[in-house]
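Trainee: sequence and computational prediction follow.
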Amino acid sequence: MPEGFRVGLGHDTHRLVAGKALVLGGVTVPHDHGLAGHSDADIVLHALTDALLGAAGLGDIGELFPDTDNRWAGAESGIFVREAVRLLAESNWRVGNVDVIIHAEKPKLSAHKQAIRRQVAALLEIPEERVNIKAKTGEKVGPVGRGEAMECHVVALIQSQKNSA
Ligand SMILES: [Zn+2]
């Protein structure tokens, strides 16, 4: 039985391409570019999955869902998060809170942060107040600032079910 708290960090980067839907945290955001990748390329849910797996010492998303496996081609990334939550529960961990930073030059995400928060909380089966979504630009420098890519950082705290009232 695990004890106390653990913390995990997740990061993801995908290239931006024309003609693909932009999906962030399971929410489709209107934009003229989307993220390239094997699944729906949702950087938020990929980084979130890695943060959860890392906190529990369960490896990483590439080990669990290899992009050479055609089962995950075009997959909705929510399934990766749900599987991570299921694996954590098997080891008697539950999610405490998560803090998310999305790095994107465009589009402005302020109007979408609440929808992303709601969707992430639903995937994690935790109240919305335990999910925080932040968005930053790349200040016009680097791959994010030039609009070539988006990145996401997530930190997740998990809690032993034994110690939770
Ligand atoms: Zn990814």
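Mentor: That came through, no problem.
Trainee: need the helix or strand of this structure with the lowest average pLDDT.
Mentor: Lowest on mean pLDDT, DSSP states H and E among the helices and strands of the chain sits helix 61-64, with a mean of 92.
Trainee: show me the contact partners of stretch 156-165.
Mentor: By C-beta atoms under 8 Å, 6 or more residues apart in numbering, the surrounding residues in contact with stretch 156-165 are 1-8, 10, 48, 51-52, 54-56, 88-89, 92-98. The C-beta positions use only the backbone N, C-alpha and C, and glycine is treated the same way.
Trainee: now do it, average pLDDT.
Mentor: Confidence over stretch 156-165, taken as the mean pLDDT, stands at 80.
Trainee: C-alpha coordinates for that stretch, PDB please?
Mentor: Below are the C-alpha coordinates for stretch 156-165, written out as PDB (Å, rounded to 0.1, in the frame of the first residue of the first chain):
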ATOM      1  CA  ALA A 156       0.400  16.300 -10.800                       C
ATOM      2  CA  LEU A 157       0.100  15.400  -7.200                       C
ATOM      3  CA  ILE A 158      -1.200  12.000  -6.300                       C
ATOM      4  CA  GLN A 159      -2.400  10.900  -2.900                       C
ATOM      5  CA  SER A 160      -2.500   7.500  -1.200                       C
ATOM      6  CA  GLN A 161      -6.100   6.300  -0.900                       C
ATOM      7  CA  LYS A 162      -5.200   5.000   2.600                       C
ATOM      8  CA  ASN A 163      -4.400   8.500   3.900                       C
ATOM      9  CA  SER A 164      -7.400  10.300   2.400                       C
ATOM     10  CA  ALA A 165     -10.400  10.800   4.400                       C
END
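Trainee: thanks a lot, see you next time.
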